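Peer 1: this is a predicted model, with the sequence first.
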Amino acid sequence: MGSSGPEDPRVTPPPAPGDIVRGRLLPTTSAPREGERVDVLVSAEDTIIEHILSGSLARPVEFLQDHIEWVVVLAGGAQLDVAGERVDLSPGEWVLISAETPHRVMSTQAGTEWLAVHLPRGRCLTTERRG
């Protein structure tokens, strides 16, 4: 059988045992003036890890996702509304958002840097809860 189309050049085989795959996050100066830049760092089966750089937002951005999302702010700051609850995030603070939970990014400081991990529903077994 023939191929259904060209292969995605970003898709690579998993590393072999003992292989090391390295990279570097973009600096916060690469953040757009408005909106977000999202780069997928790792995608494996049903798990995705993203590096996000945010500029200012013209208006809140709404989400309703079919996966669990864990996000941590590395630099800058953001204000979210998660199911009607205000969540302020500063560097080092994170939030775990269940699948199908309505949430909005209300505002971000220019140059906010995040990591986001998308997990399939039902796959998040435990979380550490601090303060």
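Peer 2: Sure, I can see it.
Peer 1: mind listing what's buried along stretch 41-61?
Peer 2: 48, 50-55, 57, 61 (16 or more other C-beta atoms under 10 Å). Quick note: C-beta positions are derived from backbone N, CA and C, even for glycine.
Peer 1: strands - which of the residues you listed land there?
Peer 2: Residues of the buried residues of stretch 41-61 located in strands (DSSP state E): 48, 50-54, 61.
Peer 1: in TSV, list those along with distance to P13 and pLDDT.
Peer 2: Converted to TSV, these look like this (distance: C-beta to C-beta, whole Å; pLDDT from 0 to 100):
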residue	distance to P13	pLDDT
I48	18	95
E50	21	97
H51	22	98
I52	26	97
L53	28	98
S54	32	97
V61	35	94
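Peer 1: what is the nearest of those residues to P27?
Peer 2: Of all these, L53 has the smallest distance to P27: 8.7 Å, by C-beta to C-beta.
Peer 1: low-confidence regions, this structure specifically.
Peer 2: Scanning the chain for pLDDT under 70 picks out the ranges 1-11, 123-131.
Peer 1: show me where this structure has its strands.
Peer 2: 36-44, 47-54, 61-63, 67-75, 78-82, 85-89, 94-97, 103-108, 112-120.
Peer 1: save these as a markdown table, and put in distance to P27 too.
Peer 2: As requested, the strands of the chain are arranged in a markdown table below (distance: least, C-beta to C-beta, whole Å):
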| stretch | distance to P27 |
| --- | --- |
| strand 36-44 | 12 |
| strand 47-54 | 9 |
| strand 61-63 | 23 |
| strand 67-75 | 10 |
| strand 78-82 | 18 |
| strand 85-89 | 20 |
| strand 94-97 | 21 |
| strand 103-108 | 17 |
| strand 112-120 | 9 |
